[in-house]
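>>> sequence unavailable; structure follows:
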Ligand code: SF4
């Protein structure tokens, strides 16, 4: 209990410093103009860079507008737009199937609950959490991507590569109001100085409190 309390205090300090440093990066970098477009972009971004997804979505979103038009497609009709993204066949299939389910079961509106979102084909907790927070300003969990896994472990807030376990651990020590921002802050830190390949601790705002810091105190 005592350890959880000190972890919680540490997490609060981490968040407040990262907020000051990365205050302009507390939103998804995925291009979108509606909850549906955010869902599509997030599904495409699994195991792909946001920047690669942003290269193809403007053309895709101009070609097909809204859930109904995707529901009427064959997955192969998405290939000309999605083929530069890894796993594009499977992702295209899931996007069309998700559109069909949203049309049939949710009155053509993207569901705004974690249960509703994860009931869609190809939508796991990470995608659901991203859409919930960025499209509906709701937090029912914490989206954990590879940057979050790296950063949470280096900071000693987690000791596992399992995203579901990290999410549960962080939900216990981080206040709910910070769940959505936490993902963006860890991603910003992970892209900037705490990359999977290399740590640039000298430039990191956490270098005096991080247990993995290479900066000599
Ligand atoms: S001090 Fe180094 S290891 Fe710790 S979060 Fe910053 S960059 Fe990562």
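Arrived safely. These numbers were taken from a predicted model, which means no experiment stands behind them.
>>> within range of the ligand, give me the residues from the protein.
154-155, 193-194, 199-201, 204, 206-207, 210, 212-213 (Cβ under 6 Å from any ligand atom). (Glycine included, C-beta is placed from N, CA and C.)
>>> quick one, helices of this protein?
Remark: helices assigned in the chain by DSSP state H are 2-21, 35-44, 50-63, 66-71, 79-82, 88-105, 114-118, 125-136, 146-154, 163-173, 179-192.
>>> pull out the buried positions in the shortest one.
It refers to helix 79-82. 81, 82 (16 or more other Cβ atoms under 10 Å).
>>> same check, this time on the first one
Along helix 2-21, the positions that meet the burial threshold by neighbour count (16+ other Cβ under 10 Å) are 7, 10, 11, 14, 15, 17, 18, 21.
>>> give me the mean pLDDT for stretch 129-139.
Stretch 129-139 comes out with an average pLDDT of 96.
>>> break the chain into its domains for me.
2-27+142-203, 35-136 (automatic domain parsing).
>>> low-confidence stretches in the protein?
Within the chain, the stretches with pLDDT under 70 are 1-5, 217.
>>> try it again at 50.
In the prediction, the chain carries no residues with pLDDT under 50.
>>> returning to that earlier point: buried subset of the residues of the chain next to the ligand, written for PyMOL?
Filtering these down to the buried ones (16+ other Cβ under 10 Å) takes a single PyMOL command:
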select buried, resi 154+155+193+194+199+201+204+206+207+210+212+213
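>>> check the residues of the chain next to the ligand and tell me the two furthest apart.
155 and 200 (15.0 Å; Cβ to Cβ).
>>> I'd guessed residue 42 sits against residue 133; true?
No: Residue 42 is not in contact with residue 133 according to Cβ atoms under 8 Å; the separation is 10.9 Å.
>>> which one is residue 64 nearest to, not counting chain neighbours?
Setting aside the residues directly before and after it, residue 64 is nearest to residue 70 in space (Cβ to Cβ, 6 or more residues apart in numbering), at 5.7 Å.
>>> count the neighbours of the one you found for me.
24 (other Cβ atoms under 10 Å).
>>> could you number the chain from 29 rather than 1 from now on?
All set: I'll call the first residue 29, so the last point we hit is now residue 98.
>>> that one touches residue 89, doesn't it?
No: between residue 98 and residue 89 there is no contact under Cβ under 8 Å: 10.4 Å.
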